[in-house]
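Peer 1: using only what follows, build the 3D model:
(one chain, ligands or ions: 1)
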Amino acid sequence: MNRPAQQEEPKTTRTDIKMTAENLDFYYGDFKALHGVSMNFKSCEVTALIGPSGCGKSTFLRCLNRMNDLIPISRVEGAITLDGEDIYAPDVDVVMLRRKVGMVFQKPNPFPKSIFDNVAYGLWVNGVKDKAFVQERVEESLKQAAIWDEVKDRLQATALGLSGGQQQRLCIARALAVKPEVVLMDEPASALDPIATQKIEELIHQLKETYTIIIVTHNMQQAARVSDVTAFFYMGKLIEVGETDTIFTRPKKKQTEDYITGRFG
Ligand SMILES: Nc1ncnc2c1ncn2[C@@H]1O[C@H](COP(=O)(O)OP(=O)(O)OP(=O)(O)O)[C@@H](O)[C@H]1O
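Peer 2: Residues are numbered from 1 along each chain as shown. Here you go, the predicted structure:
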């Protein structure tokens, strides 16, 4: 296979529905962690998932690219679609799905390899052999992740020598290199200082021009700053979802209001 990741840029507009969850239940063994979650994610929007610790935000996020498949006792009921196709259908290629729906984790997790290799890795795994193409894509991804200027003179240096904030932007570049359509972010700035956090937030703002972004955050100011839509979870249930401004100023449900005003959580 050559240049599989060189497909056309996804042509999307903000009104397209990119992903949906329909009546999603999720179990860890006997424990039901998600109860009938239904919501849509629109293209080129940022959706923030908020709620108190243990309410199921990360579980739900991981369902969106089948990361939970790696947990043997887990079970999903209901449906999740990407561009109208069921991602849990038996014939789905999970590697391809995770290329389309990429993920950035809470703790920056670069490989103990060079900066270049970290970003090129996903391309090699996808069978890309064309060196010039890989070079181009690495540069493009590092630029998109707003870290190119800081690393362009040391691409062969180990990624582990970067600061935490730089490592996280490198991990974002790694996720972007395979041209995902959706980027899932699980508290991507929680391990970072305020300046690095601000850079990640600015980056999210730029990335939504091209990508559909779904972010879990504990930080409500961050949710208010970066997202178009906010979904509030409590005890495994989606309590309320809507435009971020509305959720933060005129929530419909008392539980949402109690949470955003700091009465619990
Ligand atoms: N691998 C697992 N095995 C069993 N139970 C789990 C597992 N991962 C999460 N859970 C449970 O599922 C529920 C939801 O957890 P989840 O991590 O999705 O919540 P969260 O809202 O993301 O929490 P936090 O904000 O603290 O990260 C919790 O009760 C948690 O203990």
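Peer 1: helices of the stretch 1-150 of the chain, start to end?
Peer 2: Ranges of helices within the stretch 1-150 of the chain are 57-63, 94-100, 115-125, 131-144, 148-151, based on DSSP state H, counting those that start in this stretch.
Peer 1: any idea which of the ones you listed is most buried?
Peer 2: Stretch with highest mean neighbour count among those: helix 57-63 (a mean of 23; mean count of other Cβ atoms under 10 Å). The way it works is simple: take the backbone N, C-alpha and C, and place the C-beta from them, glycine included.
Peer 1: does it pack against any helices or strands, and if so which?
Peer 2: When contacts are defined as 3 or more Cβ pairs under 8 Å, 6 or more residues apart in numbering; DSSP states H and E, helix 57-63 packs onto strand 17-28, strand 31-42, strand 46-50, strand 182-186, strand 212-216.
Peer 1: okay, the helices of the stretch 1-150 of the chain in JSON lines with distance to residue 196 next?
Peer 2: What follows is those, written out as JSON lines (distance: least, Cβ to Cβ, whole Å):
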{"stretch": "helix 57-63", "distance to residue 196": "21"}
{"stretch": "helix 94-100", "distance to residue 196": "26"}
{"stretch": "helix 115-125", "distance to residue 196": "17"}
{"stretch": "helix 131-144", "distance to residue 196": "16"}
{"stretch": "helix 148-151", "distance to residue 196": "12"}
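Peer 1: relative to the ligand, which of those helices is closest?
Peer 2: helix 57-63 (3.2 Å; Cβ to the nearest ligand atom).
Peer 1: rewinding a little: mind putting the helices of the stretch 1-150 of the chain into JSON lines with mean pLDDT?
Peer 2: Below are the helices of the stretch 1-150 of the chain laid out as JSON lines (pLDDT from 0 to 100):
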{"stretch": "helix 57-63", "mean pLDDT": "97"}
{"stretch": "helix 94-100", "mean pLDDT": "94"}
{"stretch": "helix 115-125", "mean pLDDT": "94"}
{"stretch": "helix 131-144", "mean pLDDT": "95"}
{"stretch": "helix 148-151", "mean pLDDT": "96"}
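Peer 1: thanks a lot, catch you later.
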